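> here is a sequence with its predicted model. Questions after.
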Amino acid sequence: MQKLVGPLDHLNSGGFVDQNSLPPIQTTARDDAVLKALVGFVRAEALQPGNRLPTERILAERLKVSRNTVREALTRWEGLGLVERRQGSGTYLKAAVSPDMLHMPLTLAGGNDFTSLMHTLEIRRALEAEAAALCAERASPADIAEIKRKLDIMEQAFRTRDGMSSEEDWEFHQAIYRVSGNPLFEQIIAAMHELFHRFWEHPLGVRDFGHASFPYHRTIYECIAARDPQGARAEALKLIATVEDDLKRGAAKLKLSSQT
């Protein structure tokens, strides 16, 4: 098994590419500057997914910022699916990074209100339908096998948790975005992770929210496996339609309860 080599291993051996690859930054636009500096460091060190990052203390010393500032930057990366924090082991790179990455601090006022959720759903409709169609056109046999694996995990989680399979559902859709062949799909959807997570928190008081969409995950996969772009797009739109129905059902119940 290949050993995962992290930047700390290079540090101990004096093998960093550039000791100044993380220059001190100014206080203006500090959050964005930290993110850009981290991207520069990862690329300068030629780190790959699976490599370990330096500790927060070392990064903070290099950047001349507080550990809390570094922690917040890594939390943003974690939300984007770029890094993974492993208890007792450290922070590991999960995906490739580049200077052209999107960093979108997306927020919607109101949280779980009907209008905000509908705004998010409209974006999901466009992204998921097109990504599914492109995936059906471009997926390799190995890609299709990986999507099937994610589907099986999601379905098992759905059955054992009485319909709760949020992270597994996320991983299934992420696999489709990844295989679409357009890296912007994955970046945009990762930036919207927190917005999408609201749909798994029983929005508008609907306890079985999203249950009706469950079968469409398999039909989307079947169309992708059959190399049927139009079918994959149609099934993705059906999935989103069931979610919209749940939103409207929840909004109607809330309106009715407020009138009684």
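Done, it's in.

> low-confidence stretches in the stretch 1-150 of the chain?
Filtered on pLDDT under 70, the stretch 1-150 of the chain yields the residue ranges 1-31, 79-81, 99-112.

> the strands in it, which residues?
83-86, 90-93 (DSSP state E, counting those that start in this stretch).

> what pairs with the first one, parallel or antiparallel?
So that's strand 83-86. Strand 83-86 pairs in its sheet with strand 90-93 (antiparallel), by DSSP bridges.

> looking at the strands of the stretch 1-150 of the chain, spot the one closest to Ser213.
Closest to Ser213 of the strands of the stretch 1-150 of the chain, according to CB to CB: strand 83-86, at 27.2 Å. For the C-beta atoms, the positions are set from N, CA and C on the backbone; glycine is no exception.

> so what pLDDT did the residue nearest the centre of the chain get?
Geometric centre of the chain, nearest residue: Ala190, 3.4 Å, by CA atoms, centre = their mean. On the pLDDT scale, Ala190 is placed at 70.

> for the helix or strand it falls within, buried residues please.
Assessed by DSSP states H and E, Ala190 sits inside helix 183-191. Residues of helix 183-191 classed as buried: 183, 185-191 (neighbour count, 16 or more other CB atoms under 10 Å).

> could you do stretch 118-127 as well?
So, applying 16+ other CB under 10 Å, buried residues of stretch 118-127: 120-121, 124-125, 127.

> distance to Ile144 added to these, as a markdown table?
Converted to a markdown table, the buried residues of stretch 118-127 look like this (distance: CB to CB, whole Å):
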| residue | distance to Ile144 |
| --- | --- |
| Thr120 | 28 |
| Leu121 | 27 |
| Arg124 | 23 |
| Arg125 | 24 |
| Leu127 | 20 |
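
> done for today, thanks.
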